[in-house]
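Colleague: only geometry, no sequence info:
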């Protein structure tokens with residue numbers, strides 16, 4: 001028998017990269033919030049984007065964790081100074097994504113998660129298109145979507161009916177996204193999101209350390 005040891009494979013070099021911005025959008029009840037929480041729990045490279053809003057904190061919400069709560073004057077100033085990547089008014093209150101923490105995260109190679117609708121995604125695409133990965137989450141059927149909305153026990157029958165109508169408008173924007181997944185089971189949806197991230201993190205345009213690595217590799221040949 002040979003006493004020669006098998007050589008260990010060389011270590012895979014760690015190459016610096018820019019962070020990415022992952023948007024998960026879906027009609028209410030399709031599961032984007034649950035999928036977002038599961039992703040944050042299993043992937044330490046992600047942090048949640050914290051929006052600013054002019055509405056008052058709700059019970060259980062924490063400043064700087066759920067939202068940054070500001071007044072209308074400050075919000076208007078942020079819009080005027082270009083400090084927001086996207087913003088919208090919803091039911092009389094304004095919501096927006098601060099520019100500085102997002103750009104800092106991307107430059108440092110950290111990934112950021114956004115739970116925003118198609119309108120916010122359109123604005124974000126105009127500002128950060130090269131860094132954006134857009135995923136639309138569909139329910140497996142309209143009946144399953146209705147069942148999930150009813151099962152949450154948060155809304156009246158009238159509100160559920162309204163959300164079902166709104167779902168049609170939201171779903172019609174699916175072609176604007178890079179990827180579309182059908183959330184039939186959370187486990188399968190998780191696997192598909194992880195596959196998307198694995199590919200997107202390897203895109204050459206995001207791997208800022210690739211040029212230097214290849215240059216040194218060529219010198220060694």
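Modeller: Nice, thanks for sending it over. Please read all numbers here as calculations on a predicted model, not as lab measurements.

Colleague: hey, where'd the helices end up in this structure?
Modeller: When secondary structure is read from DSSP state H, the chain shows helices at 32-42, 72-80, 99-107, 118-128, 142-151, 157-171, 186-201, 210-220.

Colleague: just these: most buried one?
Modeller: Compared across those, helix 118-128 shows the largest average neighbour count, a mean of 18 (mean count of other CB atoms under 10 Å). (C-beta placed from N, C-alpha, C; glycine too.)

Colleague: just the angle between it and helix 99-107, please?
Modeller: Put simply, helix 118-128 runs at 60 degrees to helix 99-107, going by axes from the mean of the first three to the mean of the last three CA atoms, to 10 degrees.

Colleague: who does helix 118-128 touch, helix- and strand-wise?
Modeller: strand 21-25, strand 84-90, helix 99-107, strand 111-114, strand 132-138 (3 or more CB pairs under 8 Å, 6 or more residues apart in numbering; DSSP states H and E).

Colleague: Going by mean pLDDT, which of these comes out lowest?
Modeller: Between the helices and strands packed on helix 118-128, the lowest average pLDDT goes to strand 84-90, which shows a mean of 89.

Colleague: in its sheet, what does that strand sit against?
Modeller: Taking DSSP bridges as the criterion, strand 84-90 sits next to strand 93-98 (antiparallel) in its sheet.

Colleague: List the buried residues for the strand it pairs with?
Modeller: Under the neighbour-count criterion of 16 or more other CB atoms under 10 Å, strand 93-98 has 94-98 buried.

Colleague: Could I get the average pLDDT for that strand?
Modeller: Averaged across strand 93-98, pLDDT comes to 92.

Colleague: Among the buried residues of strand 93-98, which one sits closest to residue 112?
Modeller: Residue 112 has its nearest neighbour among these in residue 97, at 9.5 Å by CB to CB.

Colleague: Show me which pair in the buried residues of strand 93-98 is furthest apart.
Modeller: Between any two of those (CB to CB), the greatest distance is 12.9 Å, for 94 and 98.

Colleague: Flag the shaky bits of the chain, pLDDT-wise.
Modeller: Where the chain drops to pLDDT under 70, the residues are 1-6.

Colleague: burial count for the nearest residue to residue 132 once chain neighbours are set aside?
Modeller: In space, and not counting its chain neighbours, residue 132 is closest to residue 21: 5.0 Å by CB to CB, 6 or more residues apart in numbering. Using other CB atoms under 10 Å, residue 21 has 25 neighbouring residues.

Colleague: ok, residue 21 - contacts?
Modeller: 49, 102, 106, 111-112, 114, 124, 128, 131-133 (CB atoms under 8 Å, 6 or more residues apart in numbering).

Colleague: Columns distance to residue 63 on top of those, output as JSON lines?
Modeller: JSON lines is the format used below for those (distance: CB to CB, whole Å):
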{"residue": "49", "distance to residue 63": "15"}
{"residue": "102", "distance to residue 63": "19"}
{"residue": "106", "distance to residue 63": "24"}
{"residue": "111", "distance to residue 63": "24"}
{"residue": "112", "distance to residue 63": "19"}
{"residue": "114", "distance to residue 63": "19"}
{"residue": "124", "distance to residue 63": "23"}
{"residue": "128", "distance to residue 63": "25"}
{"residue": "131", "distance to residue 63": "27"}
{"residue": "132", "distance to residue 63": "27"}
{"residue": "133", "distance to residue 63": "29"}
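
Colleague: Good, wrapping up.
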